[in-house]
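[1] coordinates for the following, if possible.
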Amino acid sequence: MRIVAFITEATPGERILTHIGESAEPPPIAPARGPPAPDDGLVDAVPDRDALAQPEPAHLFAQQAQW
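    Numbering: from 1, shown residues only. Next comes the predicted model:
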């Protein structure tokens, strides 16, 4: 998809939307939700960070270039 034109004013945009049969008004904003309840099972969904850690390497490698 290429951008052919860029509309910076509201009036032409409203005219275009009404011409193609779309509403020129933005949709209503939904009310904010509350935090999740503590007993909805989300507490167990948090991964154990220690179990996800990578093990220490068996061999240590020098970080310097050998010339």
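
[2] and residue 14, how many neighbours does it have?
    Using other CB atoms under 10 Å, residue 14 has 15 neighbouring residues. Yep, even glycine has a C-beta here, placed from its N, CA and C like the rest.

[3] I'd say it and residue 25 touch.
    No - the pair residue 14 / residue 25 is not scored as a contact, 9.0 Å apart, by CB atoms under 8 Å.

[4] after the helix ranked longest in the chain, which helix or strand is next?
    Longest helix in the chain, counting residues (DSSP state H): helix 10-19. Once helix 10-19 ends, the next helix or strand along the chain (criterion: DSSP states H and E) is helix 49-52.

[5] now that next one: how far from the chain's centre is it?
    25 Å (CA atoms, centre = their mean, to the nearest Å).

[6] begin at 6 from here
    Let's use 6 as the start, then, which means that last one is helix 54-57.

[7] for it, output the C-alpha coordinates as CSV.
    These are the backbone C-alpha positions of helix 54-57, laid out as CSV (Å, rounded to 0.1, in the frame of the first residue of the first chain):
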residue,chain,number,x,y,z
ARG,A,54,12.6,-16.5,36.5
ASP,A,55,15.2,-18.9,38.1
ALA,A,56,13.9,-21.9,36.1
LEU,A,57,14.2,-19.9,32.9
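
[8] same for that helix, what does it pack against?
    Packed against helix 54-57, as judged by 3 or more CB pairs under 8 Å, 6 or more residues apart in numbering; DSSP states H and E, are no other helices or strands.
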